[in-house]
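[1] Prediction below, plus the sequence it came from.
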Amino acid sequence: RSSQLQGLPDLDELLGESGERDHLCEGRRARLQAAFRRFRVPGSADVHINDVSGLLQYLGHIIACKEKVLPLVKQVTSFEYLGFDEFMDFYQLFLPYEKQEF
């Protein structure tokens with residue numbers, strides 16, 4: 001396996017052993033929550049769905065273009081905004097998708 005980019009986690013590390021949300025360590029969850037807060041709409045607890053791509057880029061993901069991300073987001077919500085729990089549901093779909101794309 002090629003060497004890991006400095007400072008970026010390996011995809012297998014992000015997925016954990018089984019790739020399920022329950023296996024995300026508390027440190028990873030806290031990092032995701034902090035990043036989510038950074039992209040929230042001011043005065044809101046939600047992120048606009050068009051900002052999810054930027055959030056993924058901020059987290060260091062390679063596949064983060066809106067054309068690939070929005071269809072997965074729309075599997076989780078039919079609204080223009082998503083809360084952190086919905087983001088985690090999306091993230092659970094996104095990680096295996098990203099791994100498959102590589």
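    Cool, got the structure. All figures in this text were calculated on a predicted structure; none of them were measured in a lab.

[2] ok, the closest residue to Asp46 other than its chain neighbours to Ala30 distance?
    Excluding the flanking residues, the one nearest Asp46 by C-beta to C-beta, 6 or more residues apart in numbering is Tyr81, at 3.8 Å. Every residue, glycine included, has its C-beta placed from N, CA and C. Separation of Tyr81 from Ala30 (C-beta to C-beta, to the nearest Å): 22 Å.

[3] Between these two, which is the more surrounded one?
    Tyr81 (16 against 11; other C-beta atoms under 10 Å).

[4] what are the phi and psi angles of the more buried one?
    phi -130, psi 150 (degrees, to the nearest 10).

[5] what do you get for Ala64?
    phi -140, psi 10.

[6] That one: how many residues sit nearby?
    Neighbours of Ala64 (other C-beta under 10 Å): 18.

[7] if you skip the residues just before and after it, what's nearest to it?
    Leu56 (4.0 Å).

[8] for that neighbour, what are its contacts?
    Residues counted as contacts of Leu56 (C-beta atoms under 8 Å, 6 or more residues apart in numbering) are Ile63, Ala64, Val69, Phe94.

[9] What distance do you get for it to Glu67?
    13 Å.

[10] Excluding sequence neighbours, find me the nearest residue to Phe90.
    Val76 (4.5 Å).

[11] unless I'm mixing things up, Val69 is touching Phe94, no?
    Yes: counting by C-beta atoms under 8 Å, Phe94 is a contact partner of Val69 at 7.4 Å.

[12] among the contacts of Leu56, which two are most distant?
    Among these, the pair separated by the greatest distance (C-beta to C-beta) is Ala64 and Phe94, at 9.5 Å.

[13] can you pull out the strands in this protein?
    For the chain, applying DSSP state E gives strands covering 47-48, 81-82.

[14] As JSON lines, those strands with mean pLDDT and distance to Phe90 would be great.
    Formatted as JSON lines, the strands of the chain follow (pLDDT from 0 to 100; distance: least, C-beta to C-beta, whole Å):
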{"stretch": "strand 47-48", "mean pLDDT": "98", "distance to Phe90": "10"}
{"stretch": "strand 81-82", "mean pLDDT": "96", "distance to Phe90": "7"}
